[in-house]
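In: Got a sequence here, can you model it:
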Amino acid sequence: MTPDIDEARDEALSAIGGAETVADLERVFKPLDGFIAARRVRGMGFIDFDTKQQATNAIGRLQGYKFPGDEKGLLI
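Out: Residues are numbered from 1 along each chain as shown. Modelled structure (predicted):
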């Protein structure tokens with residue numbers, strides 16, 4: 001039996017904020033449980049986690065996080 005595609009997909013967050021590079025995103029998100037990868041596409045950051053719960057926990061911890069020089073804060 002083939003697994004449901006939604007079950008096989010990693011959980012991802014999109015983030016808008018002061019991160020200029022993938023390294024900026026990794027520095028903030030990598031220490032969190034379940035972090036898989038970070039990437040940037042068209043000015044937005046995307047962060048992959050193992051599970052939806054781990055992604056939800058990341059939102060709770062980092063919503064509004066301010067990168068150096070960023071006045072608005074991270075919007076997840």
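In: Spell out the secondary structure type for the most centrally placed residue in the chain.
Out: Residue closest to the average C-alpha location in the chain (Cα atoms, centre = their mean): Ile47, at 3.0 Å. Look at Ile47: counting by DSSP: H, G, I helix; E, B strand; the rest coil, its state is strand.
In: measure it to Ile59 for me?
Out: Counting by Cβ to Cβ, to the nearest Å, the separation of Ile47 from Ile59 is 10 Å. For every residue, glycine as well, the C-beta is placed using N, CA and C.
In: Any chance you could give me stretch 44-56 in PDB, C-alpha atoms only?
Out: Taking C-alpha atoms only, stretch 44-56 is exported to PDB below (Å, rounded to 0.1, in the frame of the first residue of the first chain):
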ATOM      1  CA  MET A  44      11.000  34.200   1.600                       C
ATOM      2  CA  GLY A  45      12.600  31.600   3.900                       C
ATOM      3  CA  PHE A  46      11.300  28.000   4.100                       C
ATOM      4  CA  ILE A  47      12.200  25.800   7.000                       C
ATOM      5  CA  ASP A  48      11.600  22.000   7.000                       C
ATOM      6  CA  PHE A  49      10.800  20.000  10.100                       C
ATOM      7  CA  ASP A  50      10.300  16.300  10.700                       C
ATOM      8  CA  THR A  51       6.800  16.600  12.100                       C
ATOM      9  CA  LYS A  52       3.900  19.100  12.200                       C
ATOM     10  CA  GLN A  53       4.300  19.300  16.000                       C
ATOM     11  CA  GLN A  54       7.900  20.300  15.800                       C
ATOM     12  CA  ALA A  55       7.000  23.000  13.200                       C
ATOM     13  CA  THR A  56       4.300  24.200  15.500                       C
END
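In: List the buried residues in that stretch.
Out: Gly45, Ile47, Asp48, Phe49, Gln54, Ala55 (16 or more other Cβ atoms under 10 Å).
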